[in-house]
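Colleague: requesting a structural model of the entry that follows:
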Amino acid sequence: MKAKEQYAPNKVGRKVGRLCHGSLSHWELHVNLVNVIVKFMGIPRQCTGMGRAEFSSSQCKLKDVLEELVRFYKVADIMLTKKGEVRPYARVLVNGRSFQFIGGMEAELHEGDTIALIYPWLGHEDF
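Modeller: Purely as a prediction, here's the structure:
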């Protein structure tokens, strides 16, 4: 009898790889995911078509989660420079506070934190 194949979901439900039913390794059972709430405001809201989303990541540093997040929602060119720094007019808030005041890009995120991605309408800029 052939084992039933299934896909193991990661982060936001994407399929990562095939597994045989009941064959999760010890490592896969203990992956810690950080679940955050993401709010999009200004241009990111227009680009994503949503104001709020839930996002899960295996990373816990703001820098890593932010890079993953903006690439997934296709707003990386709006929010980050090519060097991975936050653009001058873009704002990233964690629980209502600017990331610069909570430890910068090395700040550690916790379960249930809220990340706000804001890029106000200031005119035209080429991303």
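
Colleague: determine the longest strand present in the chain.
Modeller: strand 34-42 (DSSP state E).

Colleague: mind giving me the packing neighbours of that strand?
Modeller: strand 52-57, helix 62-72, strand 114-119 (3 or more Cβ pairs under 8 Å, 6 or more residues apart in numbering; DSSP states H and E). All C-beta atoms are positioned from the backbone trio N, CA, C, and that covers glycine.

Colleague: nearest to residue 78 among the ones you listed would be which one?
Modeller: Ranking the helices and strands packed on strand 34-42 by their distance to residue 78 (criterion: Cβ to Cβ) puts strand 114-119 first, at 5.5 Å.

Colleague: ok, the closest one: who's next to it in the sheet?
Modeller: strand 34-42 (parallel), strand 91-94 (antiparallel) (DSSP bridges).

Colleague: quick one: work out the angle between that strand and strand 52-57.
Modeller: 120 degrees (axes from the mean of the first three to the mean of the last three Cα atoms, to 10 degrees).

Colleague: pLDDT on strand 114-119, on average?
Modeller: Over the span of strand 114-119, the pLDDT mean works out to 96.

Colleague: and that strand with helix 62-72, angle?
Modeller: Orientation check (the same axes, to 10 degrees): strand 114-119 against helix 62-72 gives 60 degrees.

Colleague: any chance you could list what contacts strand 114-119?
Modeller: Strand 114-119 is contacted from outside by 36-44, 55, 62, 65-66, 69-70, 75, 78-79, 87, 89-96, 109, using Cβ atoms under 8 Å, 6 or more residues apart in numbering.

Colleague: give me the buried subset of those.
Modeller: By neighbour count, with 16 or more other Cβ atoms under 10 Å, these hold 36, 38-40, 42-44, 55, 62, 65-66, 69-70, 75, 78-79, 90-94, 109 as buried.

Colleague: picking that back up, would you turn the strands paired with strand 114-119 into JSON lines with mean pLDDT?
Modeller: Formatted as JSON lines, the strands paired with strand 114-119 follow (pLDDT from 0 to 100):
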{"stretch": "strand 34-42", "mean pLDDT": "95"}
{"stretch": "strand 91-94", "mean pLDDT": "96"}
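
Colleague: rebuild the ones you listed as TSV, extending it with distance to residue 113.
Modeller: Below are those laid out as TSV (distance: least, Cβ to Cβ, whole Å):
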stretch	distance to residue 113
strand 34-42	5
strand 91-94	6
